[in-house]
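Novice: I would like the atomic coordinates for the input below:
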Amino acid sequence: MTCDPVTLEIIRGALRAAQAEMEALLERTAISAFIREKKDFYTAIFDAAGRLAVGSNVPIFGDVTAPVFAAFPAETMRDGDLYWFSDCYASRGAVSHSNDQVFLAPVFHDGALSAFVMGWAHFADIGGLRPGSISPDATDIFQEGIIVPPTKLIDAGVTNDAVLNLFHRNSRFPEQSRGDTSALMASVETGVRRLAEILRRFGAPVVADAFRQLLARTETHVRHSLRETFPVGSHSFTDAIDSDGHGNGPFKMRLTMTRSADDRFSLDTTATDDQAMGPVNYLMNPHMPGTALGLFFLGGDASHVCNAGGAQAIDEVKLREGSLLAPRFPAPLGLRGLTMMRMLAALNGLVNVAGGKAPASHSAYVIILLRGVHQGHTFLMSDGVGVGYGARPDADGLDAVYFVAQENYPVEFLELNYPVRLLGYGIHCDSGGPGRYRGGCGLVREYEVMAETAMLSMRIDSVDYPPWGTAGGRNGGSGSAVVNPGTPQERRLKPLSDGNILHRGDILRLSTGGGGGYGHPYDRPADQVLLDVLDGFVSAEAALAEYGVVIRGETVDRPATDAHRADRPSVKAFHRGGYVDALA
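Specialist: Have a look, this model is predicted:
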């Protein structure tokens with residue numbers, strides 16, 4: 001039986017609704033802040049072969065079902081089973097750091113395996129070297145907490161409580177771990193029920209055909225977009241991260257996309273630098289590049305869904321074992337997020353090199369972990385802080401974005417739950433890259449420490465290699481962390497460091513970076529520059545120096561602006577500290 005076009009759209013909507021319900025349940029019942037408030041979780045629906053059929057705009061960037069199939073063949077699975085893993089290396093990077101716990105459940109209809117549902121979430125602490133399980137000091141993955149290989153957690157409805165107790169025993173916050181586990185299990189159970197209802201309503205053959213059509217539709221669209229973007233031949237782009245926190249770096253990612261005469265697409269990353277000693281290695285699953293480009297080419301089109309069709313559109317992904325993108329076990333991976341963010345920007349760079357119109361580069365979201373004891377209680381504040389995203393060919397970049405659908409913590413939440421007081425929280429002025437379309441701006445947070453003593457870990461990238469601008473746009477600004485700014489005790493912290501000791505009354509000013517600009521800054525209308533100045537995104541000094549706009553009081557001096565803009569600087573394809581034809 002085939003699924004007709006009308007039924008296909010009904011099923012697509014029902015599947016997306018089931019996924020959204022799973023997300024809502026997880027968000028509302030989880031205990032830890034990183035799941036409940038930050039929303040660092042993901043749910044998805046897979047077909048009977050384990051191919052991602054319906055995802056959302058927080059991409060999983062990997063084949064999460066293959067590790068389970070390798071340990072538990074499909075023919076051995078039963079109704080009521082639940083599978084669990086967090087093993088990065090066994091999953092080839094589908095789980096990219098050990099804090100992310102994946103729960104996967106098969107869905108049966110009339111005794112036949114018909115689908116899978118999955119939920120994963122970032123658990124706040126799973127043991128390891130430091131509270132939070134993520135530290136720039138780590139030099140192997142064993143220092144980043146307990147590793148869960150593919151495991152049958154529930155066997156036909158019977159839960160293996162012993163393995164759960166073992167896992168919770170390795171956490172410094174076991175009650176939080178138990179609550180988050182229950183929330184994730186309930187989310188997946190809800191997904192199983194909803195999929196079973198859809199299968200009963202439409203029948204397994206029709207639903208299977210709907211999965212097939214959704215995957216084919218995405219793959220066709222992404223392949224068509226790849227053909228429109230990349231001419232036959234090879235196209236290369238290089239981007240870099242600053243450091244690994246152990247005195248090594250920069251580390252460069254070198255990508256080459258090749259389109260053959262018969263329209264096969266191959267992405268070669270083998271020229272990327274060797275793996276790092278520190279935890280910035282990114283074990284990139286081969287599905288990641290196609291999924292990421294798929295998200296870009298789908299562009300929020302409501303008629304499509306994010307699924308494995310994007311990954312299938314790239315015929316080959318070449319990785320070199322021992323490189324930053326394919327490290328050898330047991331290299332640490334905890335801070336892989338900053339490398340993943342550079343990789344996403346590098347894929348945008350590839351599109352732009354080929355003549356496409358992808359956004360300029362973005363900053364990597366900033367993570368700090370403040371740990372200590374306050375009033376007899378151990379605390380762990382994992383705060384992820386938003387950054388600026390790159391400007392687009394037809395719009396400014398987004399300001400103060402953490403990562404896709406995830407969120408910045410509200411001030412009230414931080415002050416109620418942790419021994420800190422927020423003295424300031426606002427836009428990081430001049431952090432957005434100048435351009436016809438301005439790069440998004442980062443944030444400034446000022447924390448006053450209320451605990452007697454606390455240890456701070458921090459992750460800031462793109463200081464030495466700021467986010468590039470394109471098509472005449474200039475690079476975005478960088479982030480920084482300063483303790484007690486403007487006082488004799490002022491000290492600047494290393495952007496990738498741990499073991500920073502703070503005391504009661506210390507002030508931490510955290511500034512995050514912005515995105516690159518798009519298009520020549522002198523093409524930005526002077527009235528828009530004025531609004532940026534009045535709103536605190538651009539200083540009057542930068543308006544003159546970068547945009548050639550003279551502002552007096554709250555108005556534009558038109559004659560003076562015209563005179564400045566008459567001397568128009570020349571530009572090149574990219575900008576990072578200066579204009580260049582290619583980043584190297």
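
Novice: Okay, buried residues for stretch 412-425 please.
Specialist: Of the residues in stretch 412-425, those with enough neighbours to count as buried (16 or more other Cβ atoms under 10 Å) are 414, 418-420, 425. C-betas here are computed from N, CA, C, even on glycine.

Novice: Select from those residues every entry located in strands.
Specialist: With strands identified by DSSP state E, the entries of the buried residues of stretch 412-425 that belong to them are 420, 425.

Novice: Reformat the buried residues of stretch 412-425 as a markdown table; add distance to Arg492 and pLDDT.
Specialist: What follows is the buried residues of stretch 412-425, written out as a markdown table (distance: Cβ to Cβ, whole Å; pLDDT from 0 to 100):
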| residue | distance to Arg492 | pLDDT |
| --- | --- | --- |
| Leu414 | 23 | 96 |
| Tyr418 | 23 | 97 |
| Pro419 | 23 | 98 |
| Val420 | 20 | 98 |
| Tyr425 | 20 | 96 |
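
Novice: Just the closest of the buried residues of stretch 412-425 to Leu544, please.
Specialist: Here the nearest of these to Leu544, counting by Cβ to Cβ, is Tyr425; it sits at 28.0 Å.

Novice: What's the local residue count around the residue nearest to Leu52 when sequence neighbours are not counted?
Specialist: Excluding the flanking residues, the one nearest Leu52 by Cβ to Cβ, 6 or more residues apart in numbering is Ala308, at 4.2 Å. For Ala308, the count of nearby residues is 27 (other Cβ atoms under 10 Å).

Novice: Hmm, Ala53 and Ala308 touching each other?
Specialist: Yes: with contact taken as Cβ atoms under 8 Å, Ala308 and Ala53 are classed as touching, separated by 7.3 Å.

Novice: Mutual contacts of these two, please.
Specialist: Overlap between the contact sets of Ala308 and Ala53, as judged by Cβ atoms under 8 Å, 6 or more residues apart in numbering, is given by Leu215.

Novice: Any regions of the stretch 51-200 of the chain where pLDDT drops low?
Specialist: 57-60 (pLDDT under 70).

Novice: Quick check: which element contains Leu153?
Specialist: Counting by DSSP states H and E, the element that carries Leu153 is strand 151-155.

Novice: And the contacts of that strand?
Specialist: For strand 151-155, the surrounding residues in contact (Cβ under 8 Å, 6+ apart) are 72, 78, 80-85, 103, 159-160, 163-164, 185.

Novice: and the gap between the residue nearest to Leu52 and Asp137?
Specialist: Distance from Ala308 to Asp137, counting by Cβ to Cβ, to the nearest Å: 36 Å.

Novice: same question, Ala204
Specialist: 51 Å.

Novice: Can you give me the buried ones in stretch 72-83?
Specialist: 72, 77, 81-83.

Novice: out of the residues you listed, who's nearest Lys39?
Specialist: Nearest to Lys39 among the buried residues of stretch 72-83, with distances taken as Cβ to Cβ, is Leu82, at 22.6 Å.

Novice: where's that closest one relative to Glu75, distance?
Specialist: 18 Å.

Novice: go on, Ala364?
Specialist: 43 Å.

Novice: Ok, Phe265 next?
Specialist: In this view, Phe265 and Glu75 are 34 Å apart by Cβ to Cβ.

Novice: Over to Val317?
Specialist: Distance check for Val317 against Glu75: by Cβ to Cβ, it reads 29 Å.

Novice: before we move on, the earlier item: and of the buried residues of stretch 412-425, the nearest to Ala90?
Specialist: When the buried residues of stretch 412-425 are compared for distance to Ala90, the smallest value, 34.8 Å, is given by Tyr418; criterion: Cβ to Cβ.

Novice: by how many degrees do the lengthiest helix in the chain and strand 151-155 diverge?
Specialist: Looking only at the chain and at elements set by DSSP state H, the helix with the highest residue count is helix 174-202. Put simply, helix 174-202 runs at 70 degrees to strand 151-155, going by axes from the mean of the first three to the mean of the last three Cα atoms, to 10 degrees.
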